[in-house]
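A.B. asks: Provide a 3D model corresponding to the input given below.
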Amino acid sequence: MAPSPWMAAEQMPLYGWSQSCGPHGVPNDELVIAGLPPACVCYDCYSGSSCQDLDEDCMAGDKSAIVSMNAPWFVRQRATPMRVGLGTGMPYRGSDIWVHPGTRTDGLSQLLNSRLRRLHALCDNVPGGHGAYRHLLIGAGAAQLLSAALHAQIRGRTGCVATAAAPYWGPLEQRVVPSGSAATWMPRFNRSLLAGSSCVVEFVVRPNNPDGAPAAAPGPLPAAALIHDLVYNWPAYGPVELSSRDAPVDVSIFTASKILGHASSRFGWAFVRDESTARRMYDYIWANGRCSTDAQLRHAQTLGLVLDSHGAGDGGVLRVGARVGPGGAPAEVPFMDWMHAQLVSRWDRLAHAFHGGTKLAIASHGWRDDGSPADYASTPRHMFMWLRTRDGSNCEAYLTSLRIKSQAGNFFGAPASYCRLIVGIDRSTFELLAERLERAAGLSLRSNATDRAGPAGSGGAHRVRRLGRGGRGWAARRLRADH
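C.D. replies: Numbering: from 1, shown residues only. The predicted structure is shown next:
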């Protein structure tokens, strides 16, 4: 069986990646700038000066929706390291987080506005197209922008209710609409109470977190205002749900953490049609901790790298699924294609494990009970996987017994028999997670000592259990659109 060109691209030598950190960590060269010696940032479950020690009893995985698997792509790029001047960006600044016609903004905000709009033009993932929105607001992540949009809709009104269809992202109830705020949280399944409110704001998450399902029609709720959370509406996950072919909406919210992966650099953006709504959102963001200039500088660079990889500067058109030939230069691997390939590979591997077991089933939208996608080419593969236990037992508790982290179903307003598993974690942690699921399903483990140790000469991990060669191995797992 021929090696997948995707895997050949994944295993290319990493430009700038310090071999002293091995395959289970990344070098933190920024410490040198602070006068400290460079050190490795080890992935979960690994430690040591070169990330060489594995804790076999460590809980593998993550509860937060992260795409730390993207780190190798960015390390491969031959980019100049970002440096922030110590004498710049000192005063408070407000105009640069709201870009709209008729305002004077600085060069950084103009650059971000240009690159964000170019990226969305390539991906075609904004309802009505990005040109339908005059206002761009930059915030410290999606949660802040969701809160700002809610504030803009309910300011000066009383008796307002915020809602979303279950299962819903837990922080909508816990952080975006906290207890004591001007709005009351109410799950959308309680339609009788919702119908009695004259002020309803609905969060429409497309595709939905945690089950990846298309959002249900909002329905005839009186005076309902819609806030569209589109942080997962990217072609890296599969066909986009909303595009320029759809009607524009009032507010469309995105965030860098769910596509680029730099979650600690809080950076999100919102396309807004109405100026009064944009003004209220701006007031909220300014009063509640705006996105730092440092984060804006970082993402001006990351956006530029992503655009360059897709040939955006030459009017390139994004076509996710184009094959990458083995041996191609790192910069020739388009970002969205690279990310999509990793997710397809990981979903295929986990689906095989669930198909071979009797305890868990994939409950994500578009997946059959036997662990196969309804349509191989078009079924989304998100950074998270929605699972359920076949016998109705506690899903999170079962995965915990396997030393795997997950987020319980009740966090999303769902029964305890459901839980969310994060697929977008770093490669080393994903290997541990996948092996434990395969072992629980009674399958031959696919990884072997060579796979786990990484490229020749990079060094392996101490106390790693040596595994048999009963599986097919990384290089033999195929990603075929005609599967």
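
A.B. asks: Could you use CA atoms for every contact and neighbour count after this?
C.D. replies: Noted.

A.B. asks: So what's the gap between the biggest helix by length in the chain and the chain middle?
C.D. replies: Ranked by number of residues, the top helix in the chain under DSSP state H is helix 335-356. Relative to the chain's own centre, helix 335-356 is displaced by 15 Å; criterion: Cα atoms, centre = their mean, to the nearest Å.

A.B. asks: separation between the nearest residue to residue 42 once chain neighbours are set aside and residue 113?
C.D. replies: Nearest non-adjacent residue to residue 42, counting by Cα to Cα, 6 or more residues apart in numbering: residue 25, 4.1 Å away. For residue 25, the distance to residue 113 equals 34 Å [Cα to Cα, to the nearest Å].

A.B. asks: okay, the two: which has more neighbours?
C.D. replies: Between residue 25 and residue 113, residue 25 has the larger neighbour count (other Cα atoms under 10 Å), namely 27 against 21.

A.B. asks: what's near enough to touch that one?
C.D. replies: 40, 41, 42, 43, 50, 51 (Cα atoms under 8 Å, 6 or more residues apart in numbering).

A.B. asks: The fourth one - nearest residue in space that isn't next to it in sequence?
C.D. replies: It refers to residue 43. residue 25 (5.4 Å).

A.B. asks: where does the protein dip in pLDDT?
C.D. replies: 1-19, 29, 31-34, 78-85, 87-95, 178-180, 189, 215-223, 312-332, 444-483 (pLDDT under 70).

A.B. asks: Helices of that one, residue ranges please.
C.D. replies: 5-10, 30-33, 71-76, 107-123, 142-154, 171, 191-194, 275-287, 293-309, 335-356, 395-401, 427-440, 449-453.

A.B. asks: Comparing those, which comes out most buried?
C.D. replies: Each of these was scored by mean neighbour count; the highest is helix 142-154, a mean of 23, by mean count of other Cα atoms under 10 Å.

A.B. asks: Make sure residue 154 is actually in contact with residue 182.
C.D. replies: Yes: contact between residue 154 and residue 182 holds when scored by Cα atoms under 8 Å: they sit 7.4 Å apart.

A.B. asks: Mutual contacts of the two, please.
C.D. replies: residue 160.

A.B. asks: residue at max distance from the center of the protein?
C.D. replies: residue 196 (36.1 Å; Cα atoms, centre = their mean).

A.B. asks: separation between the residue nearest to residue 42 and residue 343?
C.D. replies: In terms of Cα to Cα, residue 25 sits 20 Å off from residue 343.

A.B. asks: same thing with residue 213?
C.D. replies: Applying Cα to Cα to residue 213 and residue 343 gives a distance of 17 Å.

A.B. asks: what do you get for residue 225?
C.D. replies: 34 Å.

A.B. asks: Kindly report the same for residue 101.
C.D. replies: Look at residue 101 and residue 343: by Cα to Cα, they are 39 Å apart.

A.B. asks: Equivalent analysis for residue 442, please.
C.D. replies: 23 Å.

A.B. asks: now residue 38
C.D. replies: Counting by Cα to Cα, the gap from residue 38 to residue 343 is 31 Å.

A.B. asks: Residue 269: which of the helices of the chain is closest?
C.D. replies: Among those, helix 142-154 comes nearest to residue 269, with 7.3 Å by Cα to Cα.

A.B. asks: so the closest one versus helix 275-287, what angle?
C.D. replies: 130 degrees (axes from the mean of the first three to the mean of the last three Cα atoms, to 10 degrees).

A.B. asks: neighbouring contacts of helix 142-154?
C.D. replies: By Cα under 8 Å, 6+ apart, helix 142-154 touches 139, 160, 175-177, 182-183, 199, 201, 225, 227, 229, 231, 251, 253-255, 267-270, 277-278, 280-282, 284-285.

A.B. asks: What about those residues, which are in strands?
C.D. replies: Judged by DSSP state E, strands contain the following of the contacts of helix 142-154: 139, 160, 183, 201, 225, 227, 229, 251, 253-255, 268-270.

A.B. asks: Return the entry from those with the maximum number of neighbours.
C.D. replies: residue 139 (32 neighbours).

A.B. asks: Would you check that it makes contact with residue 285?
C.D. replies: Yes: shown here, residue 139 and residue 285 form a contact pair, counting by Cα under 8 Å, at 6.6 Å.

A.B. asks: Please report how far the closest residue to residue 50 other than its chain neighbours lies from residue 40.
C.D. replies: Distances taken as Cα to Cα, 6+ apart place residue 21 nearest to residue 50, at 4.3 Å, with adjacent residues excluded. Applying Cα to Cα, the value for residue 21 to residue 40 is 6 Å.

A.B. asks: For the two, list the residues in contact with both.
C.D. replies: Taking Cα under 8 Å, 6+ apart as the contact criterion, the common neighbours of residue 21 and residue 40 are 27, 49, 50, 51.

A.B. asks: Out of the residues you listed, name the ones that lie in strands.
C.D. replies: Filtering the shared contacts of residue 21 and residue 40 for strands - DSSP E - leaves residue 27.

A.B. asks: Buried ones among the shared contacts of residue 21 and residue 40?
C.D. replies: 27, 50, 51 (16 or more other Cα atoms under 10 Å).

A.B. asks: right, and the second one touches residue 23 too?
C.D. replies: It stands for residue 50. No: using Cα under 8 Å, residue 50 is not in contact with residue 23; the gap is 9.1 Å.

A.B. asks: Quick check: nearest residue in space to residue 229, chain neighbours excluded?
C.D. replies: residue 205 (4.6 Å).

A.B. asks: cool, residue 411 as well?
C.D. replies: Distances taken as Cα to Cα, 6+ apart put residue 170 closest to residue 411, at 5.2 Å, once the chain neighbours are dropped.
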